[in-house]
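> the following comprises the amino acid sequence and a computationally predicted model.
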Amino acid sequence: MTAPSTIRAREGGFAHDMAAIAGRALRQIPREPEFMIPALVVPVFFFVVNVGSLQKVAESRGVVHDFKAFQLPVAIIFAVTGISRASTLVTDIQGGYFDRLCITPVRRLALLLGLMIADLAMVIGLAIPVVLLGFAIGVRFASGPLGVLVFILLGAVWGLAFTGFPYAIALKTGNPAAVNSSFIIFFPFAFLTTSFAPKEALTGWLSTIATYNPVTYLLAGLRSLVLTGWDGTALLKSVAAILGVGVVSIGLALAALRGAGPARVTVVRQWRPWPSGSTAATTPPAPSAPRSSSGAAWTSTSRCRSAAPRTASSSNPVT
Amino acid sequence: MATAAVLTEAIARQYGDVRAVDGVDIAVPEGEIYGFLGPNGAGKSTLIRILCTLLTPTSGRAEVAGIDVAAHPGAVRLRIGVALQDAALDDRQTGRELLRLQARLYGLRRHEIDQRVDEVLRMVDIGDAFDRRIGTYSGGMKRRLDLAAALVHNPDILFLDEPTTGLDPASRALVWHEVRRLNQNLGMTIFLTTQYLEEADELADRVGIIAHGKLVAEGTPDELKRSIGTDVIVARVSRATEDVLARLRSIEGVDQVDVHDGEISVRVRDGAAAISPVAIALAACEVEVQSLTLRTPTLDDVFLELTGTHIEEEDQ
């Protein structure tokens, strides 16, 4: 005969919930070297290739004085942008584990923010070796050791601000193919800007677009730390750019978390050619069929909320 | 009157034009194992998802542990444990990690987690696999871990959505044994959905039969079976024409004769007494009898009586 236990469930508190979710996500990171290795190789590759191919041209023509230092912030952007656990979230949704989490008293926001904390740790982990590589090839920071810390921190917070996009797509669609494709958002941010030449050297439409691209201001702030020392205006503009993107992307993710309507799940096996984006690139293919909420007639995936059609009179009780 | 552990009043859930659950009334008293029996697509999982706060009803209301599920989902979640269909687990965690995380999300403190994990492992046998990644588990082990995860916070009411679907007979028997033990030892109320007749028959104190979103019958397995007669003689024959059926109906003690897919079901008050006259009548009609069996009624007979089809046919 088993004696009844007196231990009872209770609400754990927001920070407690968030730490629990983040802990699970962080435990998984070292178990997925197939994700971390490409995510590190891509920025290193681009850094080395860009410096090798463009350094002489850029420096001999006086476009920039130190092209390696000029490129280090670009490498950081490549390392941290789009890195997220969004594909893990899709796997959880499709496998039903997200439902299990939703049945617990965990706060919905903690489910998302817990993953984002893990993302922050992950992008810091990716930024550090890139900076070390910069040191190894002779890049020095005009702003000193504190500048290095601010450099890594700005890059990491930018990475965090950007994660809202893949999370919004994951929560809205529950579709791994859609999450895989979210890396496309990375391209205009990363390339329609001052990645390869300073703004003065850009002409025509590219110069105009770069003016409106927040990454331009982020790069300017990061470059100031490396090349010129402490520049309050440049840093403030960087922070403003990060905040602007963060408000939009995380706002979208929160809206998706609250649930705006039913989402159908279509599982498509897709290879992603760009590994520096979300974890989706290396995530195993999802199950071949979506879960059914009750038989074949109503195939859908719920995500911590009702999979209700908009015609239903009541909305989500769980948000 | 004691509070019902699970109570629904005209609960309904609509998807477009389809009413997945169509005005179901259920009252499950504390300490009961209630089996919700029906084929795939009948509305079982939809109802269980409403009761577990994962779906909102389109109309009607539901209470779990005396708490309205739509008005206070958070309070309901603290009182229930749920094992959903297909063992909703994370293959990348170990069993221990999953169970401890689950306990943390229910607000348990570290020493409470240690205690509950030990207690749950005594109730549900995970074996040596507990520290292995869940991806390496067999289907039966996943189900048992799923059950353990549903129990780790010591819930009052346990919801099991098709707990043995896809399991081999040995694993199924093990899950049944554990469910029975939880109910008997802890007095836990258990609400389970199933499409297996023997599971409902074996486990449930009371059974609700659902078809096309409606509750079509409810009672103890014995009550339900008694409701359609005492015994059933089943004859598989080469032809089941109207004259054959009329002849069978004329036999004394025969309550009802149905034919379904070449199989004649003869419901009789006393099977032993009626089987000889039935065999003689069939022989007199010159039909070829491929098999003739006498059995007590099953829940499938009840389902057939109420819906006109066998439960397995509905699945198809």
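Ah, there it is.
> show the pLDDT at A:Pro30.
Note on A:Pro30: pLDDT of 87.
> in a helix, that's where it is, yeah?
Yes. According to DSSP: H, G, I helix; E, B strand; the rest coil, A:Pro30 belongs to a helix.
> what's the spacing between it and chain B?
Using Cβ to the nearest Cβ, to the nearest Å, one obtains 11 Å as the distance from A:Pro30 to chain B. For every residue, glycine as well, the C-beta is placed using N, CA and C.
> ok, how many other residues are close to that residue?
Residues lying near A:Pro30 (other Cβ atoms under 10 Å in any protein chain shown) number 9.
> chain neighbours aside, what residue packs nearest to it?
A:Met36 (8.0 Å; Cβ to Cβ, 6 or more residues apart in numbering or on different chains).
> surely that neighbour touches A:Ile29?
Yes. With contact defined as Cβ atoms under 8 Å, A:Met36 counts as touching A:Ile29 (6.8 Å).
> so the residue in the stretch 151-300 of chain B positioned nearest to chain A: helix, strand or coil?
Nearest to chain A in the stretch 151-300 of chain B, going by Cβ to the nearest Cβ, is B:His153, at a distance of 3.9 Å. With three-state DSSP as the basis, B:His153 sits in coil.
> intersection of neighbour lists for A:Met36 and A:Ile29?
Each of A:122, A:125 lies in contact with both A:Met36 and A:Ile29 under the rule Cβ atoms under 8 Å, 6 or more residues apart in numbering or on different chains.
> tell me the SS of A:Arg8?
Here A:Arg8 is recorded as coil under three-state DSSP.
> ok, the one 4 residues further on next?
Going by three-state DSSP, the secondary structure assigned to A:Gly12 is coil.
> which residues does it contact?
Applying Cβ under 8 Å, 6+ apart to A:Gly12 gives the contacts A:20, A:105-106, B:104-107.
> one more time with 10 Å, if that's ok
A:Gly12 makes contacts with A:18-20, A:104-107, A:110, B:103-109, as judged by Cβ atoms under 10 Å, 6 or more residues apart in numbering or on different chains.
> double-check A:Phe67 against A:Asn50; I have them as touching.
Yes. Shown here, A:Phe67 and A:Asn50 form a contact pair, counting by Cβ atoms under 10 Å, at 8.2 Å.
> so what sits against both of those two?
Common contact partners of A:Phe67 and A:Asn50 (Cβ under 10 Å, 6+ apart): A:58, A:196.
> can you list the buried residues in stretch A:227-247?
Using 16 or more other Cβ atoms under 10 Å in any protein chain shown as the test for burial, stretch A:227-247 gives A:227, A:231, A:234-235, A:237-239, A:241-242, A:245-246.
> closest one of these to A:Gly164?
A:Gly164 lies nearest to A:Gly246 out of those, by Cβ to Cβ, at 6.9 Å.
> pretty sure that closest one belongs to a strand, no?
No. In this structure, A:Gly246 is helix, not part of a strand, as judged by three-state DSSP.
> what's the spacing between it and B:Arg249?
78 Å (Cβ to Cβ, to the nearest Å).
> what strand or helix carries the residue nearest to A:Pro30?
helix A:33-60 (DSSP states H and E).
> same question for whichever helix or strand comes after that helix, mean pLDDT?
Counting by DSSP H and E, the next helix or strand C-terminal to helix A:33-60 is helix A:67-80. Per-residue pLDDT over helix A:67-80 has a mean of 91.
> and if you look at stretch A:93-112?
Stretch A:93-112 carries an average pLDDT of 89.
> for that stretch, which residues meet the burial criterion?
In stretch A:93-112, counting by 16+ other Cβ under 10 Å, buried: A:93-108, A:110-112.
> wait, is B:Ala12 part of a strand?
Yes. Looking at B:Ala12 with three-state DSSP, it is inside a strand.
> show me the contacts for it.
Here B:Ala12 is in contact with B:19-24, B:43, B:46-47, B:50, B:57-60, B:213-214 (criterion: Cβ under 10 Å, 6+ apart).
> any of those buried? List them.
Listed as buried from these are B:19-22, B:24, B:43, B:46-47, B:50, B:57-60, B:213-214; burial here means 16+ other Cβ under 10 Å.
> on that earlier part again, widest-spaced pair of the buried residues of stretch A:227-247?
The most widely separated members of these are A:Leu227 and A:Gly246, with 25.4 Å between them, by Cβ to Cβ.
> excluding covalently adjacent residues, which one is nearest to residue 103?
You didn't pick a chain, so chain A it is. Per Cβ to Cβ, 6+ apart, closest to A:Ile103 is B:Val82, 5.0 Å.
> correction: the question concerned chain B.
Spatial nearest neighbour of B:Ala103, excluding adjacent residues (Cβ to Cβ, 6+ apart): B:Ile113 at 4.3 Å.
> OK, contacts around that neighbour?
Contacts of B:Ile113 by Cβ under 10 Å, 6+ apart are A:7, B:99-104, B:106, B:152-153.
> determine which two of those residues are furthest apart.
The span of these, defined through Cβ to Cβ, is set by A:Ile7 and B:Leu101 at 16.3 Å.
> return the subset of the buried residues of stretch A:227-247 lying in strands.
Residues of the buried residues of stretch A:227-247 located in strands (DSSP state E): none.
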